[in-house]
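A.B. asks: Return atomic coordinates for the entry below.
(chains A and B)
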Amino acid sequence: MSVGRAILRTCCAVTLAAAALPWAALAASTPGVIAFTDAEIRAIAQHGPWPVKAPRDPSNRVSGNAAAIALGERVFFDPRFSVRGNVSCATCHIPERHWTDGRKVATGLGEVDRNTPSITNVALNRWFGWDGANDSLWAQSLRPMTDEREMGASDRHVAALVRSDADLQCRYRKAFGSGPGSDDEAVFVDIAKALAAFQETQVSARTPFDDFRDALVRRDFAAAGRYPESAQRGLKVFVGKGSCNLCHFGPNFTHGEFHEVGIPIYRKTGGVDWGRHQGIKQLLASRFNLLGRYSDDAARSTAVSTQHVVLAPQTFEQFRVPSLRNVALTAPYMHNGHLATLREVVRHYSVIDVSMLHAAHIYLSGEDDIAEPPPTDKLLKRLDLSEREIDDVVAFLETLSERGGPRKNARPPVSTPCR
Amino acid sequence: MYFAAVFPAAVAAQTCAPDWKGAQQVQSERYVVAYRTQPEKVAVGRHFAVDFAVCPKPGQPVPESVKLDAFMPEHGHGMNYKAVVKAAPAGHYHAEGLMFHMPGRWEYIFEVGSGGKVDRAVRAVAVE
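C.D. replies: Residues are numbered from 1 along each chain as shown, chains lettered A, B, ... in the order given. Coordinates of the predicted model:
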């Protein structure tokens, strides 16, 4: 950028912002900044500021506890917690791949039905897993340890390892105040709570979008003009014609709930993945949910969603709306890795056949509890984007990822004995 | 989805001018509903509660049952959570568990039943 152009931008920013004109009028006279309406600016502003500090989890008494975070990190990378000693959490949540594995579906001891989500920013979730079958990060952390396709272990296996390993036992005592007791399940849950404490520390860095969003909010044209114009046009589609921001809402680009978006739900191993509908059933049946005895939140203040969630017909075929932060670094996409690239994802919404939404459960299932059809979904519509618009939306999505390679702290912990 | 609360008629005899900051009123054919949200400003993706009072218009019967639901007409869906309505002091009602999980236009739907009829009082609100 030339000095003259920079001065022009700065002058424009100061002079015109003081005049309090609408952004569209201001931007029209500023090179490198496209016109946004005030409504669009309000919508864009809702995607920040970033980072968001997640509160400590009252249901997990070691949330934010340094000793528990250290224990959780140790466990996360330790394959001895699997039944054969060869699979750890990091087998699928690979630090160098931004805590994903690059596969369509996860593979531990066997192949799983769903894509590995990143653990980045997971502390901001309301629901966990693609189907929201768990209502806390610690309950979600229990699941892969016992799933026979993932780590295949048991509470007995986990508790025995913690009791027999001097280093783990020491770390457990530091985190929880006393050594592991005789109750296998209680020790198992504590280990999951340490895992949750570690995962809560993984927060994505600021992105080019965050710089643009903040510049927009403070009406700083010079800074805003450094954001690629193609990304600006894509953002305009995102909050306008595409209405993508209605589900990918807020600083973490997700409203945390579920939607049916027309992705095939057949499992490779046979049968159908009903998504949220099955997730709610599992949640309510689980003794590890936030209404159960393992929650450390005596007031049950964190259990409101669990108390009030509805098993409605539209929950069939729904999957959790994922965050878009670091989205360019975490391909492939959708609950089963069905789409390989961001371009394929945007094109999917461009040509989506809304008449097929919720079709599977109406026509294919013989279950008694799905006789009632879901309400007509009026939200999703075929966008019919031009090739340039698709390019622009992809350009915008690419700016939601942090710069640089793997994060510095994304390596297995150095072995320092616990004393 | 909603949860119905059924109360004895005597409980429903109440004022429709509660001293509530930020209270709103909405009417059906036979009733006036005064309500407030807690917190006053409803945020997308956050649970909130609603306090409300139901007052019969002159000559109308007291309510026998009340329900509260919310819906997004443009999207064709309601909430993912069911509001549970309970009796509150002074003959009022307290609904918990509501959440507007998306930005946009939502409608509060108060359903008041009595004498075999159900009134609907609907108030649209914009949530950003």
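A.B. asks: in stretch A:176-188, what's buried?
C.D. replies: Within stretch A:176-188, the residues that count as buried by 16 or more other Cβ atoms under 10 Å in any protein chain shown are A:176, A:180, A:184-185, A:187-188. All C-beta atoms are positioned from the backbone trio N, CA, C, and that covers glycine.
A.B. asks: Over to stretch A:278-296?
C.D. replies: For stretch A:278-296, burial by neighbour count (16+ other Cβ under 10 Å) applies to A:278-281, A:283, A:286, A:288-291, A:294-296.
A.B. asks: Surely B:His75 and A:Lys378 touch.
C.D. replies: Yes - between B:His75 and A:Lys378 there is a contact under Cβ atoms under 8 Å: 5.4 Å.
A.B. asks: Name the residue in the two with the higher neighbour count.
C.D. replies: Counted by other Cβ atoms under 10 Å in any protein chain shown, B:His75 and A:Lys378 do not tie: B:His75 has more neighbours, with 19 against 13.
A.B. asks: Number of residues surrounding the nearest residue to the more buried one once chain neighbours are set aside?
C.D. replies: Distances taken as Cβ to Cβ, 6 or more residues apart in numbering or on different chains put A:Leu379 closest to B:His75, at 4.4 Å, once the chain neighbours are dropped. When neighbours are defined as other Cβ under 10 Å, A:Leu379 has 19 of them.
A.B. asks: mind listing what A:Leu379 touches?
C.D. replies: Residues in contact with A:Leu379 (Cβ atoms under 8 Å, 6 or more residues apart in numbering or on different chains) are A:243, A:246-247, A:259, B:74-77.
A.B. asks: Over to A:Ala54?
C.D. replies: Counting by Cβ under 8 Å, 6+ apart, A:Ala54 makes contact with A:123-124, A:200, A:203.
A.B. asks: returning to what we had before: right, and the pair among the contacts of A:Leu379 with maximum separation?
C.D. replies: A:His259 and B:Glu74 (15.3 Å; Cβ to Cβ).
A.B. asks: and those two? which has more neighbours close in?
C.D. replies: A:His259 (22 against 11).
A.B. asks: my read: that one touches A:Pro322, true?
C.D. replies: No - the pair A:His259 / A:Pro322 is not scored as a contact, 10.6 Å apart, by Cβ under 8 Å.
A.B. asks: what about stretch A:391-407, distance to the chain center?
C.D. replies: 16 Å (Cα atoms, centre = their mean, to the nearest Å).
A.B. asks: Ok, stretch B:23-42 next?
C.D. replies: 6 Å.
A.B. asks: How far does that stretch stretch from one end to the other?
C.D. replies: 13 Å (Cα to Cα, to the nearest Å).
A.B. asks: And for it, what's in contact with it?
C.D. replies: By Cβ under 8 Å, 6+ apart, stretch B:23-42 touches B:16-18, B:20-22, B:48-57, B:60-61, B:63, B:100, B:108, B:110, B:112, B:114, B:117, B:119-123, B:125, B:127.
A.B. asks: Show the buried residues in the residues you listed.
C.D. replies: Applying 16+ other Cβ under 10 Å to those flags B:16, B:18, B:20, B:48-56, B:60, B:63, B:100, B:108, B:110, B:112, B:114, B:119, B:121-123, B:127 as buried.
A.B. asks: and A:Gly102, how many neighbours does it have?
C.D. replies: 15.
A.B. asks: is it true that it touches A:Leu329?
C.D. replies: No - between A:Gly102 and A:Leu329 there is no contact under Cβ under 8 Å: 10.0 Å.
A.B. asks: Pick the one among the buried residues of stretch A:278-296 closest to chain B.
C.D. replies: Set against chain B, the nearest of those by Cβ to the nearest Cβ is A:Ile280 (9.6 Å).
A.B. asks: Is the closest one in contact with A:Ser305, as I believe?
C.D. replies: No - assessed by Cβ under 8 Å, A:Ile280 is found out of contact with A:Ser305, at 10.8 Å.
A.B. asks: any idea whether A:Leu383 is helix, strand or coil?
C.D. replies: Using DSSP: H, G, I helix; E, B strand; the rest coil, the secondary structure recorded for A:Leu383 is coil.
A.B. asks: What's the per-residue pLDDT of it here?
C.D. replies: pLDDT recorded at A:Leu383 is 96.
A.B. asks: Next: A:Arg320.
C.D. replies: pLDDT, A:Arg320: 98.
A.B. asks: ok, how many other residues are close to it?
C.D. replies: Neighbours of A:Arg320 (other Cβ under 10 Å): 24.
A.B. asks: now A:Glu387
C.D. replies: 10.
A.B. asks: likewise A:Lys381?
C.D. replies: By other Cβ under 10 Å, neighbour count at A:Lys381 equals 13.
A.B. asks: Contacts only, for it.
C.D. replies: Contacts of A:Lys381 (Cβ under 8 Å, 6+ apart): A:352, A:354.
A.B. asks: how near is it to A:Phe396?
C.D. replies: 20 Å (Cβ to Cβ, to the nearest Å).
A.B. asks: where along chain B do the helices fall?
C.D. replies: Assigned by DSSP state H, chain B shows helices spanning B:9-12.
A.B. asks: Under the pLDDT cut-off, which ranges of it? List them.
C.D. replies: Across chain B, the ranges flagged by pLDDT under 70 are B:1-15.
A.B. asks: and A:Lys193, what are its phi and psi?
C.D. replies: Dihedral pair for A:Lys193: phi -70, psi -30, per degrees, to the nearest 10.
A.B. asks: Contact partners for it?
C.D. replies: Here A:Lys193 is in contact with A:60-63, A:68, A:138, A:141 (criterion: Cβ under 8 Å, 6+ apart).
A.B. asks: Equivalent analysis for A:Ser154, please.
C.D. replies: A:83, A:146.
A.B. asks: Next, count neighbours for A:Ile94.
C.D. replies: So A:Ile94, with other Cβ under 10 Å, has 17 neighbours.
A.B. asks: likewise the one 3 residues further on?
C.D. replies: Taking other Cβ under 10 Å as the criterion, the count of residues near A:Arg97 is 18.
A.B. asks: any idea how far it lies from A:Thr120?
C.D. replies: Counting by Cβ to Cβ - A:Arg97 and A:Thr120 are separated by 11 Å.
A.B. asks: Where does the stretch 201-350 of chain A get nearest to chain B, which residue?
C.D. replies: A:His308 (3.3 Å).
A.B. asks: List the contacts of the residue lying closest to that residue once chain neighbours are set aside.
C.D. replies: Among residues not flanking A:His308 along the chain, B:Gly97 sits closest, at 3.3 Å (Cβ to Cβ, 6+ apart). If you count contacts by Cβ under 8 Å, 6+ apart, B:Gly97 has them with A:304, A:307-308, B:47, B:49, B:81-84.
A.B. asks: Can you flag the buried ones in the residues you listed?
C.D. replies: Looks like the contacts of B:Gly97 have A:304, A:307-308, B:47, B:49, B:81-84 buried, using 16+ other Cβ under 10 Å.
A.B. asks: now whatever residue of chain B ends up closest to chain A: how far from A:Glu185?
C.D. replies: Of all residues in chain B, the one sitting closest to chain A is B:Gly97 (3.3 Å; Cβ to the nearest Cβ). Computed as Cβ to Cβ, the B:Gly97 to A:Glu185 distance reads 30 Å.
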